[in-house]
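In: just need the structure, nothing else, for what follows:
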Amino acid sequence: MYAVSVTVNGCTSNLSLPYSFLITGVNNVQPLENIKIYPNPSLRSLIVQNHQLKNIEIKIFSIIGVELQRLTTSKKENVFDLSLLPRGTYLVSIKEGRTLKSMRKIIIKL
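Out: Numbering: from 1, shown residues only. So this is what the prediction gives:
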């Protein structure tokens, strides 16, 4: 949920009513050569390799945009336990700073 206030010439408005939004698409996201996500499809776990060791934020979303898992890391190998998630399609996003670097679809089969 988000709320907005606006400041113009030193005057600040009241906070708006809360609202939420759903990301339904991503434009112009370039594949990352130094990030590997596997296996896909996955049975129980998902591995995200970060070969440049940059600080990245990895998120896993349901297909309707609900955030299920999040990790901020600079480790080379990051393992996500997917065993409790139902069979289906999920999205993995990778951000570096405030910039979305990658969005990938993964399939979980149990």
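In: who does residue 19 form a beta bridge with?
Out: In this entry, residue 19 is beta-bridged to residue 2, by DSSP bridges.
In: and the gap between it and residue 2?
Out: Using C-beta to C-beta, to the nearest Å, we find residue 19 at a distance of 6 Å from residue 2. Heads up, the C-betas are built off the backbone N, CA and C, glycines and all.
In: what of residue 65?
Out: Using C-beta to C-beta, residue 65 is found at 14 Å from residue 2.
In: of the two, which one has the most company?
Out: Neighbour count, other C-beta atoms under 10 Å: between residue 65 and residue 2, residue 65 has more, with 12 against 8.
In: and the more buried one, how far is that from residue 34?
Out: Residue 65 is 27 Å from residue 34, by C-beta to C-beta.
In: for the residue of the chain positioned farthest from its centre, grab phi and psi.
Out: Taking C-alpha atoms, centre = their mean, the residue of the chain most remote from its mean C-alpha position is residue 9, at 35.9 Å. Backbone torsions of residue 9, given as degrees, to the nearest 10, read phi 50, psi 40.
In: which secondary structure element of this structure has the lowest mean pLDDT?
Out: Here the helix or strand of the chain ranked lowest by mean pLDDT, DSSP states H and E is strand 99-108, holding a mean of 79.
In: could you dump that strand to CSV, C-alpha only?
Out: Extracted C-alpha coordinates of strand 99-108, given in CSV (Å, rounded to 0.1, in the frame of the first residue of the first chain):
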residue,chain,number,x,y,z
THR,A,99,17.2,-0.3,-11.3
LEU,A,100,15.4,-3.4,-12.3
LYS,A,101,18.0,-5.5,-14.1
SER,A,102,16.1,-8.7,-14.9
MET,A,103,12.6,-10.3,-14.7
ARG,A,104,12.3,-14.0,-15.4
LYS,A,105,9.6,-16.6,-15.4
ILE,A,106,10.2,-19.8,-13.5
ILE,A,107,8.1,-22.9,-13.3
ILE,A,108,7.8,-25.0,-10.2
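In: and that strand, what does it pack onto?
Out: In terms of contacts (3 or more C-beta pairs under 8 Å, 6 or more residues apart in numbering; DSSP states H and E), strand 99-108 is packed against strand 35-38, strand 88-96.
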